[in-house]
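[1] got a sequence here, can you model it:
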Amino acid sequence: AIREEIIIGTRSRDDSLQRGGARGQNLLGLSYDAATLDQSQARPTVRRGEQNPRVEIPASRWTYANSRAVELLPAGTRPEPGAIYEFHYPAKDPRVLGVGLAATRDLVSFLRAGAADPRGNPNPAGSGAKRTLAFGASQAGRFLRDFVRDGFNQDESARKVFDGVLAHTAGAGGVFLNYEFGQPNRTGTQHEDRTFPENTFPFSAARMTDPVTGKSGGLLRNDGFDPLWMETNTSTEYWQKGASLTVTDPLGQRDVELPANARAYLIAGTQHGATSGMTSTRGLCVNPRNPHSPTPAQRALLIALDEWVGGKAPPDTRTPRVMDGTFTTVDNLKFPAIPGIKVARRINEQGVLTDWVAPVYDMSKPYRVLITQIDADGNEIAGIRLPEIAVPLATHTGWNEYRAPYPEGELCDRDGSYAPFAANRAEREAKNDPRLSLEERYGDHAGYVRRVEQAVKQLVADRLLLAEDGELFIAKARSEEIAKRFTR
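    Sure thing, here's the model as predicted:
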């Protein structure tokens with residue numbers, strides 16, 4: 001038997017889902033065909049929150065709609081929004097998903113060095129690529145971590161596949177891929193998919209011994225075929241994906257020195273799936289969601305990665321550190337009391353998964369996951385601080401919580417929170433907001449623009465922002481839209 005976890009309605013930026021469910025979805029879909037439709041061979045359960053006890057659903061309250069879906073009874077019963085439905089059942093026809101790692105290796109190797117394929121078709125890259133770079137975000141970033149760790153950056157002719165890799169928002173984990181009955185669509189967070197394979201040692205590019213499992217190793221193999229390695233994470237990955245373990249020892253007691261061919265960066269105050277043009281609507285979350293985009297830093301670092309392959313060293317690692325106190329625990333986070341903002345007081349804790357089907361998730365000796373300390377505004381004090389954080393108009397976080405009818409108190413997937421500053425002292429005091437107003441911190445709109453110009457100049461000089469993107473930040477700072485925020 002295998003295990004499924006089905007949650008209806010979460011992991012969406014669609015505001016229409018707030019009233020519950022996924023547009024009338026009544027079926028609970030399965031990843032694999034059931035080997036039998038005999039209900040006695042299956043065991044469904046439901047629970048409201050990840051830590052709540054499982055409640056078995058009796059056979060009279062569910063049925064197989066077909067071999068790939070379960071329906072709750074009586075007919076038309078809708079799943080509870082955000083509740084965790086688990087389904088243990090005998091499955092059949094597992095796919096050999098791990099072949100994707102070899103296929104990626106072989107395709108890129110051919111494009112890089114092949115003249116023609118076995119059928120005589122010429123290499124579409126012509127005489128071959130001079131450099132090969134890989135970029136992957138979220139699931140694709142976790143795939144690249146597995147790809148390098150498992151030795152696929154060496155092809156069958158003992159040649160390097162990727163010269164450089166940039167993995168974004170991968171946290172400390174990989175993909176539930178190279179397993180029998182793998183389910184690579186899964187990604188663990190505090191509420192969703194927490195007890196499926198993802199975060200397993202080694203977490204860091206640095207080689208070390210894990211005091212929890214006794215294993216030794218690192219993400220990089222030191223076999224002559226490692227790529228130049230970059231990883232970027234948002235604030236969310238530190239709360240939800242154990243990202244601190246990429247730069248500390250497994251117990252979070254000390255910083256580790258990354259090898260010379262590795263860099264790590266936190267893009268401060270951003271959230272997992274952020275892109276340009278996002279809005280701050282609440283969606284399924286209790287707080288407005290964070291619209292701050294990490295893309296400008298990603299663009300600069302991708303250029304830096306290409307230059308690194310050409311021989312020019314990239315910017316140094318920029319992450320929180322244990323030694324200087326920029327790493328902290330959720331209990332010691334000094335978040336201000338912002339009116340109307342619900343503060344998250346939990347993270348996605350990490351242990352050792354020994355059985356994903358049962359499941360058995362050993363937290364008797366957990367890994368110590370750390371998050372980034374913040375300033376008086378609630379903004380992170382370490383990492384790459386793009387202008388929205390270096391010269392803020394608001395508080396930006398990488399965490400949020402669900403609101404009803406979804407499970408209140410659970411972390412709202414990988415969304416952050418957003419809370420703009422008051423325009424002036426009178427507005428701030430009327431709201432009882434402890435954060436300085438725009439007027440108090442910048443004087444006026446022109447003062448704000450000058451500060452943004454200074455921040456942009458420094459970020460461009462540090463090669464953490466492209467000059468063309470810096471011009472866009474300055475243009476936005478000068479815009480009528482921003483000017484109006486100083487005159488509310």
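[2] when you work out contacts or count neighbours from here on, use the C-alpha atoms and nothing else.
    OK.
[3] could you pull out the strands for the stretch 51-200 of the chain?
    Along the stretch 51-200 of the chain, counting by DSSP state E, counting those that start in this stretch, strands occupy 55-56, 62-66, 69-72, 84-89, 133-137, 164-168.
[4] and the strands in the stretch 301-450 of the chain?
    Under DSSP E, counting those that start in this stretch, the stretch 301-450 of the chain gives strands at 327-328, 350-355, 360-367, 371-372, 394-396, 418-420.
[5] in TSV, list these along with mean neighbour count and distance to Ser40.
    Below are the strands of the stretch 301-450 of the chain laid out as TSV (neighbours: other CA atoms under 10 Å; distance: least, CA to CA, whole Å):
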stretch	mean neighbour count	distance to Ser40
strand 327-328	22	48
strand 350-355	18	23
strand 360-367	14	23
strand 371-372	26	45
strand 394-396	23	49
strand 418-420	20	48
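[6] for Gln51, which of those is the nearest?
    strand 360-367 (12.1 Å; CA to CA).
[7] what does that closest one contact?
    Contacts with strand 360-367, where a contact means CA atoms under 8 Å, 6 or more residues apart in numbering, come from Thr195, Val212, Pro250, Leu251, Gly252, Glu349, Gln350, Gly351, Val352, Leu353, Thr354, Asp355.
[8] the fourth one belongs to a strand, doesn't it?
    What that stands for is Leu251. No: counting by DSSP: H, G, I helix; E, B strand; the rest coil, Leu251 is not found in a strand; it is coil.
[9] gap between Ser31 and His292?
    Ser31 sits 34 Å away from His292, going by CA to CA, to the nearest Å.
[10] who has more neighbours out of these two?
    Using other CA atoms under 10 Å, the more surrounded residue of Ser31 and His292 is His292, with 27 against 17.
[11] for the closest residue to that one other than its chain neighbours, list the residues it contacts.
    Leaving aside its sequence neighbours, His292 sits nearest to Thr270 (CA to CA, 6 or more residues apart in numbering; 5.5 Å). By CA under 8 Å, 6+ apart, the contact list for Thr270 reads Thr234, Ser235, Thr236, Asn290, Pro291, His292, Ser293, Pro294, His396, Thr397, Gly398, Gly416.
[12] again, but for Val212
    Per CA under 8 Å, 6+ apart, neighbours of Val212: Pro250, Lys365, Pro366, Tyr367.
[13] can you pick out the most distant pair from those?
    Greatest spatial distance among the contacts of Val212 (CA to CA): Pro250 and Lys365, at 10.6 Å.
[14] I'd like to know which of the strands of the stretch 301-450 of the chain lies nearest to Ala158.
    Nearest of the strands of the stretch 301-450 of the chain to Ala158, taken as CA to CA: strand 350-355 at 33.8 Å.
[15] adjacent strands (with direction) for that closest one?
    In the sheet containing strand 350-355, its partner strands are strand 360-367 (antiparallel), by DSSP bridges.
[16] what average pLDDT does the partner strand get?
    If you average the pLDDT over strand 360-367, you get 96.
[17] any idea how far it is from the middle of the chain?
    21 Å (CA atoms, centre = their mean, to the nearest Å).
[18] same thing with stretch 476-487?
    With CA atoms, centre = their mean, you get 31 Å for stretch 476-487.
[19] what comes up buried for that stretch?
    Neighbour counts over stretch 476-487 (16 or more other CA atoms under 10 Å) mark Ala477, Arg478, Ala483, Arg485, Phe486 as buried.
[20] buried set for the longest helix along the chain?
    Taking DSSP state H as the assignment, the helix of the chain that covers the most residues is helix 445-461. Residues of helix 445-461 classed as buried: His445, Tyr448, Val449, Arg450, Arg451, Val452, Glu453, Ala455, Val456, Leu459, Val460 (neighbour count, 16+ other CA under 10 Å).
[21] which residue sits closest to the first one, ignoring its sequence neighbours?
    What sits nearest to His445 in space, not counting adjacent residues and going by CA to CA, 6+ apart, is Ala483, at 5.8 Å.
[22] look at the one you found and give its secondary structure.
    Ala483 falls in the helix class when you classify it by three-state DSSP.
[23] pLDDT value on it, please?
    For Ala483, pLDDT reads 97.
[24] ok, it to Ala475 distance?
    According to CA to CA, Ala483 and Ala475 sit 12 Å apart.
[25] same deal with Asn52?
    For Asn52 relative to Ala475 (CA to CA), the value is 49 Å.
[26] equivalent analysis for Ala422, please.
    Counting by CA to CA, the gap from Ala422 to Ala475 is 22 Å.
[27] who's more crowded, those two?
    Set Ala422 next to Ala475 and count neighbours by other CA under 10 Å: Ala422 wins out with 24 against 14.
[28] for that one, what are its contacts?
    With CA under 8 Å, 6+ apart, Ala422 has these contacts: Arg428, Asp433, Leu436, Ser437, Leu438.
[29] what two of the residues you listed are the furthest from one another?
    For these, and using CA to CA, no pair is farther apart than Asp433 and Leu438, which are 12.2 Å apart.
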